[in-house]
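Asker: return a 3D structure for these sequence lines:
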Amino acid sequence: MYASSLAFGTLAAIICVLSCLHTASADVVVLTQDNFHDQVGADRAALVEFYAPWCGHCKKLAPEYEKLAASFKKAKSVLIGKVDCDEHKGVCGKYGVSGYPTIKWFPKGSLEPKKYEGPRTAEALAEFVNSEGGTNVKITSVPSSVVILSSDNFDDVVMDTTKNVLVEFYAPWCGHCKNLAPIYEKVAAAFHMEDDVVIANLDADKYKNIGEKYGVSGFPTLKFFPKGNKAGEDYHGGRDLNDFVSFINEKCATSRDANGQLTSEAGIVSSLDSIVKEFVSADKDEKKAVYARLEEEVGKLDGSSARYGQIYLKSAKSCMDKGSDYPKNEIERLERLLSKTITAAKADQFTLKKNILSAFS
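Answerer: Sure thing, here's the model as predicted:
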């Protein structure tokens, strides 16, 4: 059994405090001073968590509360929401909140809440909401995007030179590993659409020989195995979600945010932008010549840049065919589509096109 050093233990203790940040879930409704009374006490019941961003118990509750919200997102009669009491003291003071987290149930059409006193698990909260709200919702398990490694598949996954692989070496009994687990799941979820990025873990207590091979002496240990260095590199970054996301984006040339959405930089190829500027300022007759240069430059690209280059070419062709208003009109159309419920693949497709079109507008 491995022994963690004192220095590692001290670092891990700090990480433990920071690791379970109370991050926003797409399914938890964020309530504020401005929207609270529009959302709560109206035509549906509401379970509201009053929290503070620095509160340890709130951070511990966050993944359970998000799981609850994800399970109830189709239950139109119930809202699962939360209020940041540091930012919206007036709302929290009005409802007598004096400790964090405080969870209160607001019946449909009422602003007279009932305090929740039960266990802070998704299952217990769901039982309470079902009882109070007359619903019959069960907690749904979210499929993991973390690749589980073993002696059978370690080399196939980690040594694949077409993949950038982040590996967590953990032990089931390790408290710091348990604290990291929900953050690590979110990292994997954020990059699950990236074919050449793998977020994986290995039970290094069970597969000690693999841990020993890579010098693992404490838990959790994280190592990055990029396409070009399968000897592995130690990960020394922070262990909150944004730290991991920044690291992967930098190392893998990806452009994702903490929710897995493409950023405004996704798809942009700097070597093409100067040609696009010429294309935009050129008159109708000159555009064909500039387009030919753009086509030539795209032909020099490879990998994901080559794929993005094709979007540049299609955008330029549409500008020539449909006129100078095309980029603005198409961006507006894409923004409307992105505001709707669509698949992750469609969201990526529309965001890439929107980002690249911005260079033509």
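Asker: which residues sit in contact with the closest residue to L111 other than its chain neighbours?
Answerer: Excluding its sequence neighbours, the residue lying closest to L111 (CB to CB, 6 or more residues apart in numbering) is G41, at 4.0 Å. C-beta coordinates here come from the backbone N, C-alpha and C atoms, glycine included. With contacts taken as CB atoms under 8 Å, 6 or more residues apart in numbering, G41 has the following neighbours: 106, 109-111.
Asker: try it again at 10 Å.
Answerer: Under the criterion of CB atoms under 10 Å, 6 or more residues apart in numbering, the contact partners of G41 comprise 106-113.
Asker: out of those residues, who has the most neighbours?
Answerer: Counting neighbours by other CB atoms under 10 Å, F106 comes out on top of the contacts of G41 with 23 neighbours.
Asker: my guess is it meets K114, correct?
Answerer: Yes: proximity of F106 to K114 meets the contact threshold set by CB atoms under 10 Å, at 8.1 Å.
Asker: could you name every residue contacting both of those two?
Answerer: Taking CB under 10 Å, 6+ apart as the contact definition, F106 and K114 share the neighbouring residues E132.
Asker: pLDDT score for S19?
Answerer: The confidence metric pLDDT takes the value 36 at S19.
Asker: coming back round to it: out of the contacts of G41, which sit inside strands?
Answerer: Residues from the contacts of G41 lying in strands, with DSSP state E as the criterion: F106.
Asker: which of the contacts of G41 fall within helices?
Answerer: The members of those all map outside helices under DSSP state H.
Asker: could you dump the contacts of G41 to a markdown table with distance to E66?
Answerer: Formatted as a markdown table, the contacts of G41 follow (distance: CB to CB, whole Å):
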| residue | distance to E66 |
| --- | --- |
| F106 | 20 |
| P107 | 23 |
| K108 | 23 |
| G109 | 27 |
| S110 | 25 |
| L111 | 25 |
| E112 | 27 |
| P113 | 21 |
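Asker: which parts of the stretch 251-361 of the chain are helices?
Answerer: Secondary structure of the stretch 251-361 of the chain (DSSP state H, counting those that start in this stretch): helices located at 270-281, 284-298, 303-322, 326-338, 344-358.
Asker: which strand or helix spans A189?
Answerer: Element membership of A189, judged by DSSP states H and E, is helix 175-190.
Asker: in a helix, T135, correct?
Answerer: No: note on T135: no helix contains this position according to DSSP: H, G, I helix; E, B strand; the rest coil, which reports coil.
Asker: quick check on it: phi, psi?
Answerer: Main-chain torsions, T135, degrees, to the nearest 10: phi -100, psi 170.
Asker: okay, now it: neighbour count?
Answerer: By other CB under 10 Å, 15 other residues sit near T135.
Asker: how near is the nearest residue to it once chain neighbours are set aside to A45?
Answerer: Take T135 and drop its neighbours on the chain: the residue closest to it by CB to CB, 6+ apart is A75, 5.2 Å away. Separation of A75 from A45 (CB to CB, to the nearest Å): 10 Å.
Asker: which of those two has more residues huddled nearby?
Answerer: The neighbour comparison of A75 against A45 (other CB under 10 Å) goes to A45, with 22 against 17.
Asker: does that one touch L111 like I think?
Answerer: No: the pair A45 / L111 is not scored as a contact, 11.7 Å apart, by CB under 10 Å.
Asker: residues near A231, how many?
Answerer: A231 is flanked by 7 other residues according to other CB under 10 Å.
Asker: tell me the contacts of it?
Answerer: Residues counted as contacts of A231 (CB under 10 Å, 6+ apart) are 214, 223, 225.
Asker: give the ChimeraX command for selecting the buried subset of these.
Answerer: Selecting in ChimeraX just the buried members of the contacts of A231, where the criterion is 16 or more other CB atoms under 10 Å, is done with this command:
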select :214,223,225
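Asker: tell me which of the contacts of A231 fall in strands.
Answerer: For these, membership in strands holds for 223, 225, with DSSP E as the criterion.
Asker: how about JSON lines for the contacts of A231, with pLDDT and distance to G90 added?
Answerer: Written out in JSON lines, the entries for the contacts of A231 read as follows (pLDDT from 0 to 100; distance: CB to CB, whole Å):
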{"residue": "Y214", "pLDDT": "96", "distance to G90": "53"}
{"residue": "K223", "pLDDT": "98", "distance to G90": "47"}
{"residue": "F225", "pLDDT": "98", "distance to G90": "50"}
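Asker: out of the contacts of A231, which is nearest to G303?
Answerer: The shortest separation between G303 and any of the contacts of A231 is 18.5 Å, and it belongs to F225 (by CB to CB).
Asker: distance of the closest one from A171?
Answerer: Distance check for F225 against A171: by CB to CB, it reads 20 Å.
Asker: which intervals of the stretch 101-250 of the chain have sub-threshold pLDDT?
Answerer: Along the stretch 101-250 of the chain, the model assigns pLDDT under 70 to residues 142.
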